[in-house]
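*Asks:* this is the structure alone, sequence omitted:
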């Protein structure tokens, strides 16, 4: 899977906005009202917040996953040096990793996650952590197969329901120097 480190160019922002909204709607439309979904997407994928996040390279790393025809099929967002919810340690937070449902089962998700783990390790982060909806057992199994383990749980709710999230983490080999 071709992966591209995202810069702040307008076309990259627009590609992230489109793939971000499309993948989030595909995966999470059932847990939000239409209005709630729009408000959530406006927080993360409206042009201004997305541009700010892309500009803050010392805080975030955005990766755009492209198919062999160079079309966006997914993305990941890492936040550097973030405390785990229990505050006991810090590491790279994998805030977002999504692929279009049509690309599931092709190995793209595995390769994107492996790339994320490599980038976090090369940046000198001691661990990678994320949270996953308690109701998303498939994603939890996927992360467990990559070496992440449940370390905590946190509340999460949408405008329709309370779901909760599992916090998952794994230690990373020290292959690089901290860049953030």
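*Replies:* Received it, and whenever you're ready, just let me know what you need. Note that this is a predicted model, so its numbers are computed, not measured.
*Asks:* ramachandran angles for residue 169?
*Replies:* phi -150, psi 160 (degrees, to the nearest 10).
*Asks:* and the pLDDT for it?
*Replies:* At residue 169, the predicted lDDT confidence score is 98.
*Asks:* ditto for residue 144
*Replies:* 97.
*Asks:* pull the number of nearby residues for it.
*Replies:* Around residue 144 there are 13 other residues, counting by other C-beta atoms under 10 Å. In this view, the C-beta of every residue, glycine as well, is placed from N, C-alpha and C.
*Asks:* same check on the one 5 residues further on?
*Replies:* Under the neighbour criterion other C-beta under 10 Å, residue 149 is assigned a count of 12.
*Asks:* elements contacting the longest strand seen in the chain?
*Replies:* For the chain, the strand that runs over the most residues, judged by DSSP state E, is strand 72-83. Applying 3 or more C-beta pairs under 8 Å, 6 or more residues apart in numbering; DSSP states H and E, one finds that strand 72-83 contacts helix 10-28, strand 60-66, strand 90-99, helix 108-122.
*Asks:* could you rerun that using 10 Å?
*Replies:* Counting contacts by 3 or more C-beta pairs under 10 Å, 6 or more residues apart in numbering; DSSP states H and E, strand 72-83 is packed against strand 3-5, helix 10-28, helix 47-55, strand 60-66, strand 90-99, helix 108-122, strand 127-133.
*Asks:* any idea how far stretch 63-71 is from the chain center?
*Replies:* 16 Å (C-alpha atoms, centre = their mean, to the nearest Å).
*Asks:* for that stretch, measure first residue to last.
*Replies:* For stretch 63-71, the first-to-last residue distance is 13 Å (C-alpha to C-alpha, to the nearest Å).
*Asks:* can you list the residues that contact that stretch?
*Replies:* Residues from elsewhere that reach stretch 63-71 (C-beta atoms under 10 Å, 6 or more residues apart in numbering): 1-6, 12, 15-16, 19-20, 72-78, 96-100, 102-103, 106, 108-109, 111-112, 115-116, 119.
*Asks:* as JSON lines, the helices and strands packed on strand 72-83 with distance to residue 84, mean pLDDT and mean neighbour count would be great.
*Replies:* Shown next, in JSON lines, are the helices and strands packed on strand 72-83 (distance: least, C-beta to C-beta, whole Å; pLDDT from 0 to 100; neighbours: other C-beta atoms under 10 Å):
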{"stretch": "strand 3-5", "distance to residue 84": "25", "mean pLDDT": "54", "mean neighbour count": "15"}
{"stretch": "helix 10-28", "distance to residue 84": "23", "mean pLDDT": "88", "mean neighbour count": "16"}
{"stretch": "helix 47-55", "distance to residue 84": "21", "mean pLDDT": "87", "mean neighbour count": "14"}
{"stretch": "strand 60-66", "distance to residue 84": "17", "mean pLDDT": "89", "mean neighbour count": "20"}
{"stretch": "strand 90-99", "distance to residue 84": "7", "mean pLDDT": "96", "mean neighbour count": "21"}
{"stretch": "helix 108-122", "distance to residue 84": "14", "mean pLDDT": "93", "mean neighbour count": "18"}
{"stretch": "strand 127-133", "distance to residue 84": "5", "mean pLDDT": "97", "mean neighbour count": "21"}
